[in-house]
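# Take this sequence and fold it.
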Amino acid sequence: MKRLFMIIAIATTIVLSASAMSLSRARSEALFLSDKMAYVLNLTDDQYNAVYEINLDYILQVSNEDDVFGTYWQERNANLRYVLTSSQYTAYLSMEYFYRPISWVSNRLVYIIHNKYPKNRYYRSAPRNYSTYNGGNRNYSHSVYQGRTYSDNHNAQPRQQVSQQPTMRRTEAIKQANRQTQQNGTSSRSNGNGTSQSKSQQGNSSQKRSSAHR
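Numbers count the residues shown, from 1 in each chain. Okay, here's the model as predicted:
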């Protein structure tokens, strides 16, 4: 009987370890990985945004050993091909902690990027869609990243030397992204109001000119 309970306990542990993680945890892991890729590969904001989406989709789908370097991993590489420049993609392939960010050890997923960089430290603010993207792009039968323009500089080079360590905490990285989003929204509204006011002023001027002619 004890042996049976032991088998059940071990099986339960394996299932829990192999189960897919929550969206919150997946976002955290995707952000940590994407932030380092953005800095080292010298990504634009649009590239950073897309790389975060691609990494989150991959992480949300991986739940067992076969998934780690299976179809989801291949889809990740194919999507990154559309987003990164040739030089950036070549550098990506040469860095194991970017190319194979997850390994399977003792029946659980291990994120090896944490062995390379200090815990809870970031280079850049979070991507603009950190809190809004839920991983929906993985549901399409085609790559949504194909045919888009992510950088005007198609010869963008990754950083040759990376001696600087990340210093920003996760909470601050997310706050900065939220502030930037709010500023962009305020700026857009201001521009809209300015345009409307300008049109109104033009209309009033036209009416005045018409009255003067009469």
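# Next SSE downstream of the worst-scoring helix or strand of the chain on mean pLDDT?
None of the helices or strands of the chain scores lower by mean pLDDT, DSSP states H and E than helix 2-18, at a mean of 39. Using DSSP states H and E, the helix or strand that follows helix 2-18 in sequence is helix 23-40.
# With just CA atoms, put that next one into CSV.
C-alpha atoms of helix 23-40 as CSV (Å, rounded to 0.1, in the frame of the first residue of the first chain):
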residue,chain,number,x,y,z
LEU,A,23,-0.1,33.6,-17.7
SER,A,24,1.4,35.8,-15.0
ARG,A,25,4.4,33.6,-14.6
ALA,A,26,4.8,33.1,-18.3
ARG,A,27,4.8,36.9,-18.8
SER,A,28,7.5,37.2,-16.2
GLU,A,29,9.7,34.6,-17.9
ALA,A,30,9.1,36.0,-21.3
LEU,A,31,10.0,39.5,-20.2
PHE,A,32,13.2,38.4,-18.5
LEU,A,33,14.3,36.6,-21.7
SER,A,34,13.1,39.2,-24.1
ASP,A,35,14.8,42.1,-22.2
LYS,A,36,18.2,40.4,-22.5
MET,A,37,17.7,39.6,-26.2
ALA,A,38,16.6,43.2,-26.8
TYR,A,39,19.8,44.6,-25.2
VAL,A,40,22.3,42.2,-26.6
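# Would you map the strands across this protein?
For the chain, applying DSSP state E gives strands covering 102-105, 108-111.
# Now find how far off-centre the first one is within its chain.
Relative to the mean C-alpha coordinate of its chain, strand 102-105 is positioned 21 Å out (C-alpha atoms, centre = their mean, to the nearest Å).
# Name the residues that touch it?
59, 62, 64-65, 68, 109-112 (C-beta atoms under 8 Å, 6 or more residues apart in numbering). In this view, the C-beta of every residue, glycine as well, is placed from N, C-alpha and C.
# ok, so of those, who is nearest R179?
Using C-beta to C-beta, I59 is the member of those that sits closest to R179, with 26.0 Å.
# Identify the residues contacting that closest one.
Neighbours of I59 in contact, by C-beta under 8 Å, 6+ apart: 21, 26, 29-30, 102.
# can I get these in CSV with neighbour count and pLDDT?
Formatted as CSV, these follow (neighbours: other C-beta atoms under 10 Å; pLDDT from 0 to 100):
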residue, neighbour count, pLDDT
M21, 15, 80
A26, 21, 95
E29, 21, 97
A30, 25, 97
I102, 19, 96
